[in-house]
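Enquirer: after the sequence you'll find the predicted model.
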Amino acid sequence: MIRINENYTKLKASYLFTDIARRVTAFVAANPTKPVIRLGIGDVTEPLPPVCIAALHAATDEMAKRETFKGYGPEQGYAFLREAVAAHDYAARGCAIEADEIFISDGSKCDCGNIQEIFSLDTRLAIPDPVYPVYIDTNVMAGRTGANVDGRYSGVTYLDSTPANGYVPAIPAVATDLIYLCFPNNPTGAVATKAQLAAWVAYAKKNQAIILFDSAYEAYIRDPAIPHSIYEIEGARDVAIEFRSFSKTAGFTGTRCAYTVVPKSLKAFDAAGKEQSVHALWNRRHTTKFNGVAYPIQKAAAAIFTPEGQQQTRALTDFYLGNAQLIRDAMAKLGLPCVGGDNAPYIWINTGRDSWEFFDLLLNKAQVVCTPGAGFGKCGEGHVRISAFNTRANVEAALARIASALK
Ligand code: PLP
C-alpha cells in the first residue's frame, strides 16, 4: 500500500488567502455596487521594462534559426547572465563573488524551498516570525519540526520581530544551525543595518551555522547605509547563502528568473565531522533536479544590467516606492504607527487591535483589502500588511477611502 509522507499532515493549513477571498466574495455579493480595491497583493502590476521586451523578441528570433537555436543550456545558467550578476550585483558593491558561485533558477520560492534538502534532518532551525511561509513549511514537509501547537511548530527557534525590537529579531540565546533571514523583509518591510547583520554573521561563525539570506526586495533599498547583500559583511562568504530574484526588481513574477549564491568557501559537516563543500552539494542537487531557465528569459534578465536596463528598473522600483510613500504619509496622518515602505514595497501597520478586526473594518467601511498580519505568524497579530504593488490611481483612491472611514 502506497503511503504518504506523514510530515505533510503536520502542515497547518494556511487559511490566510482563502479566508481573505471568502470575506471579500461575501462583501462583494452583499454590496455589488461598491468596488473593492486590493492593497494586499504581493504581485507586481506594471509591465516588463522595454529592454527586457526587446531582449525577449531578439532571443525568440534566435530560436527561429538553426544557426542560433539553443537546446539545453547549462543547468546553472548561461555565463553571460552569471557574469553580469557577479559584476553588477556583487563586484560593484565590493563583494567577492565569482560567476560560478551564482546559480540561475526559475524563482527564489523554489530555491528557498529546495535548499533545506542538502542539510541533515536534525538541523536546528531559526525562523523569523512573522515569516514568508515557504521557509517554515518546506522544513515541516521534510520532517525537521514537531507538531503545530497554538500556531507554532515544536523544535523551531522562532525569531520574533516586534515593535520592541524594531522588527529586526535579536540573536537567539540558544545555538541553531540554519538561520533564515529576509531583508528588506516580507511582510514587515523592515531592513537590517550592517551592524545587525554583522552580529548574525558572528553568531553563525560561532555556532558553525549557515545563514540563508533572502534579499528578494534588495532593489527597493534607498538608504545608502543599508547593505544590499549579506556579503557586504566581512566573513559572510564562509557562513551565508543568498537568494535574489528578478521578480520584484524587474517585474519578473510571471516571467520567472532568480538566482542563488553559494560561495565555494561555505562548508557544512558530514556525520564524521568532516568538512564538505556546500557549493558542491548544491551544484549536485541543482544539476540533478533542474534543467536550466529558458534562454530568452535569461537574455531578458541580462538586459536589466545594461545602462538602459538599470535606469528602467530603477524607474519601476521608484514608482512602487512612490506608492509606498503615499501609504506611509496617509498612515502617519491617521496616527497609525508603521514600518517599511521606505526601503521596501511593503508597509507594516501596527493597528493596535486584532488584525482580522482591522481587516474587516477596512473592507466594510472603505472597501479596501489588506493582509492581516496574523496570517504570517504569531508576532503578526495586531498588524496588517499593505502592499505598494498597485496602480497609482488605485492607491490614491484606497487611501482617500481609508482616511474618510477612519477619521
Ligand atoms: N522571497 C520572498 C521574501 C518573497 O516575498 C517572494 C515572493 O513573494 C519570493 C522569495 C519568491 O520570489 P520568486 O518570484 O523569485 O519565486
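Expert: Thanks, I have it.
Enquirer: which residues in the stretch 251-400 of the chain form strands?
Expert: Shown for the stretch 251-400 of the chain, the strands assigned by DSSP state E, counting those that start in this stretch span residues 258-261, 267-269, 275-277, 338-340, 346-350, 368-369, 371-372, 383-387.
Enquirer: show me what the first one packs onto, helices and strands only.
Expert: Translated: strand 258-261. strand 102-105, helix 108-114, strand 240-245 (3 or more C-beta pairs under 8 Å, 6 or more residues apart in numbering; DSSP states H and E). Glycine gets a C-beta too; all of them are placed from N, C-alpha and C.
Enquirer: want to throw the ones you listed into a markdown table with distance to the ligand?
Expert: Output for those, formatted as a markdown table (distance: least, C-beta to the nearest ligand atom, whole Å):
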| stretch | distance to the ligand |
| --- | --- |
| strand 102-105 | 8 |
| helix 108-114 | 3 |
| strand 240-245 | 3 |
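Enquirer: among these, which comes closest to residue 22?
Expert: Nearest to residue 22, of all those, is helix 108-114, at 24.2 Å by C-beta to C-beta.
Enquirer: run the chain-centre distance for that closest one.
Expert: Mean-position distance between helix 108-114 and its chain equals 10 Å (C-alpha atoms, centre = their mean, to the nearest Å).
Enquirer: next secondary structure after that helix?
Expert: The C-terminal neighbour of helix 108-114 among helices and strands, as given by DSSP states H and E, is strand 125-129.
Enquirer: before we move on, back to that, would you turn the helices and strands packed on strand 258-261 into TSV with mean neighbour count and mean pLDDT?
Expert: TSV is the format used below for the helices and strands packed on strand 258-261 (neighbours: other C-beta atoms under 10 Å; pLDDT from 0 to 100):
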stretch	mean neighbour count	mean pLDDT
strand 102-105	24	98
helix 108-114	20	97
strand 240-245	25	98
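Enquirer: now the stretch 251-400 of the chain against the ligand: closest residue?
Expert: Closest to the ligand within the stretch 251-400 of the chain is residue 258: 4.0 Å, counting by C-beta to the nearest ligand atom.
Enquirer: what number of residues lie near that residue?
Expert: Neighbourhood size, residue 258 [other C-beta atoms under 10 Å]: 24.
Enquirer: try residue 315
Expert: 11.
Enquirer: repeat that for residue 130.
Expert: Neighbour tally, residue 130, other C-beta under 10 Å: 25.
Enquirer: how close does it get to the ligand?
Expert: Note on residue 130: its distance to the ligand, by C-beta to the nearest ligand atom, to the nearest Å, is 11 Å.
Enquirer: excluding chain neighbours, what is closest to that residue?
Expert: Spatial nearest neighbour of residue 130, chain neighbours left out: residue 376 (3.4 Å); criterion: C-beta to C-beta, 6 or more residues apart in numbering.
Enquirer: dump the residue contacts of the one you found.
Expert: Going by C-beta atoms under 8 Å, 6 or more residues apart in numbering, residue 376 touches 16, 129-133, 187, 385.
Enquirer: now do the same end-to-end measure for stretch 359-374.
Expert: 11 Å (C-alpha to C-alpha, to the nearest Å).
Enquirer: just give me the longest helix of the protein.
Expert: helix 307-333 (DSSP state H).
Enquirer: tell me which of the strands of the stretch 251-400 of the chain is the most buried.
Expert: Mean neighbour count (mean count of other C-beta atoms under 10 Å) peaks for strand 383-387 among these, with a mean of 28.
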